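In: Quick one: sequence and predicted model below, then my questions.
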Amino acid sequence: MAAKTIISRPIYGTLSPQPGKHHLFVADAEGALAIVDMAKTAPPGFFDGAEIVFIPGSGGQHIAALEALKSAQFHVAPSFASLLPRLKQTLANAHMGMRLYLAGTEGLIGQAMQVALEAGIDHTSMQTEHRGSLARRMQCVHCKGITENVTTQPATCAHCGLLLLVRDHYSRRLAAFQGVCINAEDPSEIPPKEEAFP
Amino acid sequence: MSTGTTKLDVVVSDVVPVNDLVTRFHFRRRDGGLLPTFSGGAHVVVEMRDGELTRLNPYSLMGSPLDTSEYTISVRRDDLGRGGSLFMHRSVKPGLEMVVSYPVNLFSLDLRAKKHLMLAGGIGITPFMAQTAQLAGSGGNFELHYTCRTASLGTYADVLQQRHGNRIRLYHDDRDERIELDRLLSSQPLGTHLYVCGPAGMINWVRDRAASLGWPTETVHYEHFAAPQPGLPFDVTLAVSGKTIRVGEQQSLLEAIEAAGVDPPYLCRGGVCGQCETNVISYDGKFIHNDHWLSEEDHRSGCKIMPCVSRFEGKSLVLER
Amino acid sequence: MGITFRKETFRDDFTFKNSPEHIRRFPFPFHEDSYMYAVNIEPHVVGPKGSVLENLIDVDEHYVAEMQDRALVLAEDPLRCQSLPHMTLAGWDLLELLMEQQALGYPEHFTLERNGDRWRWINRPLGIDDTFTFGDTSTLPYGPMEYITRQSQGDFCILDQRDGNLWMDAGMVTTQADWSLDFDIGMNFFEWHAPVPLAHEKGIFVRALKFLTNIQQGKPARRLNWTMTINPRLDTSPENYHKWGPDRTTVTPENVGDKVHLRVELQSFWRLPRSNGIVFPIRCYLIKMDELVTQPKWARRLHRVIRDLPEELATYKGLTRYRPTLLEWLSKLDDGSATSPGFGPD
């Protein structure tokens, strides 16, 4: 799990069953294991009113483990972009009493949270659990482009090419960490890149 | 620096009996100017000079926030209370000069809400009078469910229905009409916020059902000003100012402290805002905590008291005031 | 007699200067010879005539030039002005506050006529005369917040108050000290202050939030903050850091007096009546070292403050690269004699 550094850095918890009428789970890769672990403490019948949406990723694992929970609905998507229309429709039709659970990489949690915020769910009422890669989504503060799966410090902006310091400062609205030019004062200074977010 | 509010010099411009229990009071500025703008859900603290006694009671502003030529409040007569409402009903007449605080809002709308679901019980209707006016003026999406004992005690039910039509639903106790709360709470679109104001039992019931049905706490708003309760007189030592005072039967501890010339900060005078929180230096006896501010742990510890609504019974009490 | 507005720039040829009267009224932020964070909040009440506190919303000789600079920033990057959908009502609150205060303090330059919700606003320095319906966004060329903050000096953050916290849900931010509205919008009080070193550990923000959430209508409060800027540049945004950052390498012993500026923010805090939100006007005052040291007390004191500033704060404020050069220059103006208490010049 990611270490806490500054206050705007998101803190993830451990999924736990919440009171509610319906339960929507969105997970990727190893996030499936967070759901499986939570299921051990869930009251009987909990998954009768649950929907699980899962992005297995390159490994293609954990599908069977999630299927075994026998949720009312189970959907496997190849990518976040591909599940977005479905997620938006589910949220648009949902009622108060629906609870949201997000598990997996920070990129997945952040992007799903972004959609849920727009649908009117307060971030403090969402359950989150971080599992798997620490790779970051990063917004370049200069050109505003988002670079996915950033693992190094510093990192190059995929859009404008500036060399960016990846800060811990995080925006839920953008679902991204902030990247700020690391050698703005003297562009001839080029610090080495290190693998920081494996 | 001290908190607390600025005062407004007003004159009572009208007194209108609404039904057997409720009377409405209108205030205008003595200098004829406009009053400060306020937001739906705000209250003012009304200063009542009743002989030797000064009472300061909070009342929700119930006029439209779009009209600041006057402030209006509605006061329900409480024959068993400390006398504030009786004073208002018996002694406050048009032309009387009074002092009220600037408006303070501790029950404001969450303007992010996709829908506002309001539940009122009895005189708890007053903040919703202003909030529905505000929302109607800006095209807001709201629905108000209002429970009253009888049609004749359904204060402003007629006005509300006239203004807002079927967005207002009425429930009369004497006709055995009850809100189907679980069904109501389960059928609201995502992004709805819930507001409840009424008797403590109703607030607790609604909060409890909402939590069980999966409403996150940030979406449930409630206003419950505890009126200070009368009780046995007791003595208090104010250590900082070096005074010993007696709190009368019909007086709150805060009022007694103020009567001694010590002015703790306050906003709500109803046990919810936390401003007048006071440290206890020592005590021998038992506290009667009536506030919604301190945690249960604080209550058990005997280290803190909210003098606006809480009392004490016992041998001695020393406060850091 | 009105204000004579200067023709000047905050970019390219940097012709910004303070007149002698404006040097004397500069809000010097250090009341003693050292600096550390504190909850230095006090009531925002009217101060002495001739000071920046003479009016609660200050308009000065840089007004017209600052508004022109703001228009240039917004033309390049419209994301510097944003308002989340639920904040329109607060925008009207802010429009009312700024129109009333500016018309009250500077009747020769601004006039507000209110006739019910039919309002007429005359802004003579900028040549504006608009009639509109208060509360009806379609009667203004911009949203209410953008309209009035294109005509008011300083940055503006509008905060929604809910769940015991303040949420930065709208703002006009073009003269900021290195933070991004586009990134921070929607954050709560602790989150947008997260990058500030030392203050969290000292519990500063917890106490400040408690105070700010209790700000009452009609009782605004204020505090001063400060940093330093190379060249009189208003727009020191992170967005353009790669453009202004290199300025920091250009400081030499010869040009310190002209290039290095003390940048003081007068932050005030107001409860907004209709929305129950809070607005923070953040008014930026710049003064170059050559102007500042015309007051010997300020020269001595600034030397001591910069010399003794903790390393984390110096880094956060971006002083590291030119601090030695600046100190060397200031030290020559510090004979070691005592400074009188308080902010003002002797």
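Out: Cool, got the structure. Numbering: from 1, shown residues only, chains lettered A, B, ... in the order given.
In: where along chain A do the helices fall?
Out: Using DSSP state H, the helices found in chain A span residues A:31-39, A:63-67, A:80-93, A:106-118.
In: and whatever residue of the stretch 1-150 of chain B ends up closest to chain A, what pLDDT?
Out: Residue nearest to chain A within the stretch 1-150 of chain B (C-beta to the nearest C-beta): residue B:114, separated by 5.1 Å. Bear in mind the C-beta positions are built from the backbone N, C-alpha and C, glycine included. On pLDDT, residue B:114 comes in at 95.
In: Can you list the low-confidence ranges for chain A?
Out: Across chain A, residues meeting the criterion (pLDDT under 70) sit at A:1-5.
In: what does the stretch 51-200 of chain B give?
Out: In the stretch 51-200 of chain B (pLDDT under 70), no residue qualifies.
In: Enumerate the residues of it near chain C.
Out: With the criterion set to C-beta under 8 Å from any C-beta of the partner chain, the stretch 51-200 of chain B comes near chain C through B:65, B:102-105, B:108, B:110-112, B:134, B:137-138.
In: quick one, which of the helices of chain A is nearest to chain C?
Out: Minimum separation from chain C across the helices of chain A (C-beta to the nearest C-beta) falls at helix A:106-118, 8.2 Å.
In: ok, and does that closest one reach over to chain B?
Out: No. Using C-beta under 8 Å from any C-beta, we find that helix A:106-118 stays clear of chain B, coming within 8.9 Å at best.
In: Could you list the buried residues of that helix?
Out: Neighbour counts over helix A:106-118 (16 or more other C-beta atoms under 10 Å in any protein chain shown) mark A:106-117 as buried.
In: okay, the residues of the stretch 51-200 of chain B next to chain C in JSON lines with neighbour count, secondary structure and distance to residue C:212 next?
Out: Shown next, in JSON lines, are those (neighbours: other C-beta atoms under 10 Å in any protein chain shown; DSSP: H, G, I helix; E, B strand; the rest coil; distance: C-beta to C-beta, whole Å):
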{"residue": "B:65", "neighbour count": "20", "secondary structure": "coil", "distance to residue C:212": "23"}
{"residue": "B:102", "neighbour count": "21", "secondary structure": "coil", "distance to residue C:212": "17"}
{"residue": "B:103", "neighbour count": "29", "secondary structure": "coil", "distance to residue C:212": "18"}
{"residue": "B:104", "neighbour count": "26", "secondary structure": "strand", "distance to residue C:212": "15"}
{"residue": "B:105", "neighbour count": "25", "secondary structure": "strand", "distance to residue C:212": "15"}
{"residue": "B:108", "neighbour count": "22", "secondary structure": "coil", "distance to residue C:212": "15"}
{"residue": "B:110", "neighbour count": "18", "secondary structure": "coil", "distance to residue C:212": "18"}
{"residue": "B:111", "neighbour count": "25", "secondary structure": "coil", "distance to residue C:212": "19"}
{"residue": "B:112", "neighbour count": "18", "secondary structure": "coil", "distance to residue C:212": "20"}
{"residue": "B:134", "neighbour count": "23", "secondary structure": "helix", "distance to residue C:212": "24"}
{"residue": "B:137", "neighbour count": "13", "secondary structure": "helix", "distance to residue C:212": "28"}
{"residue": "B:138", "neighbour count": "12", "secondary structure": "coil", "distance to residue C:212": "26"}
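In: Identify the residues contacting the residue of the stretch 1-150 of chain B closest to chain A.
Out: Applying C-beta atoms under 8 Å, 6 or more residues apart in numbering or on different chains, we find residue B:114 in contact with A:120, B:141, B:189-192.
In: Apart from its chain neighbours, what residue comes closest to the closest residue to chain A within the stretch 201-321 of chain B?
Out: Residue nearest to chain A within the stretch 201-321 of chain B: residue B:214 (2.8 Å; C-beta to the nearest C-beta). Take residue B:214 and drop its neighbours on the chain: the residue closest to it by C-beta to C-beta, 6 or more residues apart in numbering or on different chains is residue A:20, 2.8 Å away.
In: That neighbour and residue A:99 touch, don't they?
Out: Yes. Residue A:20 is within contact range of residue A:99, at 4.0 Å (criterion: C-beta atoms under 8 Å).
In: shared neighbours of the two, anything?
Out: Shared contacts of residue A:20 and residue A:99 (C-beta under 8 Å, 6+ apart): residue B:214.
In: Show me chain A divided up by domain.
Out: Per the record, chain A has its domains at A:22-130, A:136-195, by automatic domain parsing.
In: do you know which of the ones you listed lies nearest chain C?
Out: With C-beta to the nearest C-beta as the criterion, chain C lies closest to domain A:136-195 of these, at 3.2 Å.
In: I appreciate the help and will end here.
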